[in-house]
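In: Okay, predicted coordinates and the sequence, questions at the end:
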Amino acid sequence: MARKPKNPLPAHAAARALASAAMRHREIDAPARHVELTAAMTRRPAARYVPPRARHARTVRYAVVGLGHIAQVAVLPAFAHAKNSELVALVSGDPEKLEQLGKKYAVANTYRYDDLDQCLHSPDVDAVYVALPNDLHYECCLRAAAAGKHILCEKPLAVTVHDAEEMLAAAERNGVKLMTAYRLHFEPANLAAIDAVRSGKIGDVRYFSSTFSYQVTDPGNIRLRAERGGGPLYDIGVYCINAARYLMGDEPDEVMAFTANSGDKRFNEVEESAAALLKFPGGRLAAFVVSFGAADSTRYEIVGTRGSIVLDPAYEYSMALEATFKRGDREREKKFPHTDQFAGEIAEFSRSILGDREPEANAREGIADLRIVSAVLESASAGRAVPLAPFTKHRRPGRRQLERKPPTREPRTVHVTSPHK
């Protein structure tokens, strides 16, 4: 009989707690502010509604919900380069953010969180970009779908597979599109790596390995709070999982994983580090380690029978990405153009709305990663390998999705804390 692991990490209990539908009162933008996102999703009956302007116009009008760090440094500036997309509304619990950012981006329609339904039912809004903490994606997306708005949601799509599947069902029921914000699906270095693997330049793929880490120093950072969907696995582990899947062009069938804490008090609620081994069909393996307690690292390597590809950095959005291609004795280094990855994903989502087609990085792409996150947590808790049921994903990212949007300078922010603090 297998021994029960001693003192399971709080992260595992947190994963179970995050599945509870009773979670309602949540801090959204700043550690000192608590706001309520509690309006019932049945307040107004759901209607199968696609905004007529989105069907016939050449631009899609967005409300950005949540004005935290990623929204301010990346999402809001991206609209300048997504020419088929227009920023028309902002939603936040912080009136100073609404005032300052509304002026900065010439957005007249600003809403507090308790006015979210008013924003969602506005005829001036076609779609929402959900930039809320992980635990709030579920409710916000369900309410947006019920209001007939298309949804571009930050990753991870939700904190459980069940929640993500309900979000997809709500989108389908209400005739709206739901896309997971996988910005690297439009970035030139990652797409070049995918293309090189598919063309056979490194032979038959044998293994993938990746590290992604940085120091989270502020004990009050929501990334260290279990109830907010915190921890490195949810925050950055999804990048490694997603990269392994799009480079392999396949889905894993078994997962073995560990989580670890050094005893640092910062990590009383979540794992400090997580490591996983994914087994893919055809004898291929993928391994990754993520951590909030280690120095900066953002790297992956894919190795085949005849060569390899290294991206370092691999996952960053604030700088150009670099790759090393090896085949036999030959080695070539390439620095790719720094692009606005967020503008690329927003522009693609708008095209899918205007063209009435499914985006490649859809909800099933988010669900595919979440089922692996769930298996990692289960494996780490149980101390055994966890099998995965077959999963089909028909479309994967490729060079046809390449977006060369010019980068923007990081703007000054209002009442936010850097993820690295």
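Out: Yes, it's here. Numbering: from 1, shown residues only.
In: What residues does residue 78 make contact with?
Out: The contact partners of residue 78, taken as C-beta atoms under 8 Å, 6 or more residues apart in numbering, are 340, 342, 343, 346, 405, 408. Every C-beta, even on glycine, is put in place using the N, C-alpha and C of the backbone.
In: Wait, a helix at the fourth one?
Out: Yes: when DSSP: H, G, I helix; E, B strand; the rest coil is applied, residue 346 is found to be in a helix.
In: contacting residues around the residue nearest the centre of the chain?
Out: Using C-alpha atoms, centre = their mean, the residue of the chain that lies closest to the mean C-alpha position is residue 155, 1.9 Å off. Taking C-beta under 8 Å, 6+ apart as the contact definition, residue 155 lies against 180, 181, 182, 238, 242, 366, 369.
In: buried residues in the helix ranked longest in the chain?
Out: The helix spanning the most residues in the chain, taking DSSP state H as the definition, is helix 363-382. Buried residues in helix 363-382, counted by 16 or more other C-beta atoms under 10 Å: 363-381.
In: who's in contact with the next helix-or-strand element following that helix?
Out: Per DSSP states H and E, the first helix or strand lying C-terminal to helix 363-382 is strand 386-387. Counting by C-beta under 8 Å, 6+ apart, strand 386-387 makes contact with 253, 254, 255, 256, 375, 378, 379, all of which sit outside it.
In: and whichever helix or strand the fourth one is part of, what's its mean pLDDT?
Out: Right, residue 256. Under the assignment given by DSSP H and E, the secondary-structure element containing residue 256 is strand 254-260. Averaged across strand 254-260, pLDDT comes to 98.
In: who does it pair up with?
Out: Taking DSSP bridges as the criterion, strand 254-260 pairs within the sheet with strand 273-280 (antiparallel), strand 386-387 (antiparallel).
In: which two in the contacts of residue 155 are spaced the farthest apart?
Out: Checking these against each other with C-beta to C-beta, the farthest-apart pair comes out as 181 and 369, at 12.1 Å.
In: can you give me the helices in this protein?
Out: The residue ranges that make up the helices of the chain, judged by DSSP H, are 10-18, 52-56, 69-70, 76-78, 95-104, 116-120, 137-146, 161-173, 188-198, 232, 238-248, 341-354, 363-382.
In: Kindly present the strands paired with strand 254-260 as TSV, with separate columns for mean neighbour count.
Out: Formatted as TSV, the entries for the strands paired with strand 254-260 read as follows, by neighbours: other C-beta atoms under 10 Å:
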stretch	mean neighbour count
strand 273-280	22
strand 386-387	14
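In: Turn those into TSV, columns for distance to residue 399 and mean pLDDT.
Out: Converted to TSV, these look like this (distance: least, C-beta to C-beta, whole Å; pLDDT from 0 to 100):
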stretch	distance to residue 399	mean pLDDT
strand 273-280	22	98
strand 386-387	33	98
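In: Residue ranges of each domain in the chain, please.
Out: For the chain, the structural domains run 10-39+48-183, 185-338+363-389, going by automatic domain parsing.
In: which of the ones you listed has the lowest average pLDDT?
Out: For these, the weakest mean pLDDT is recorded on domain 10-39+48-183, namely a mean of 84.
In: And for residue 84, the neighbour number?
Out: With neighbours defined by other C-beta atoms under 10 Å, the count for residue 84 comes to 16.
In: Please apply the same query to residue 295.
Out: Neighbour count for residue 295, taken as other C-beta under 10 Å: 8.
In: Double-check it against residue 215; I have them as touching.
Out: Yes: counting by C-beta atoms under 8 Å, residue 215 is a contact partner of residue 295 at 7.0 Å.
In: Dump the strand holding residue 256 to PDB, keeping only the CA atoms.
Out: What follows is the C-alpha trace of strand 254-260 in PDB, where atoms were taken according to Å, rounded to 0.1, in the frame of the first residue of the first chain:
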ATOM      1  CA  GLU A 254       1.000  10.800 -18.600                       C
ATOM      2  CA  VAL A 255       2.400  13.200 -16.100                       C
ATOM      3  CA  MET A 256       4.900  12.800 -13.200                       C
ATOM      4  CA  ALA A 257       5.500  15.800 -11.000                       C
ATOM      5  CA  PHE A 258       6.900  17.300  -7.700                       C
ATOM      6  CA  THR A 259       6.400  20.500  -5.900                       C
ATOM      7  CA  ALA A 260       8.900  21.900  -3.300                       C
END
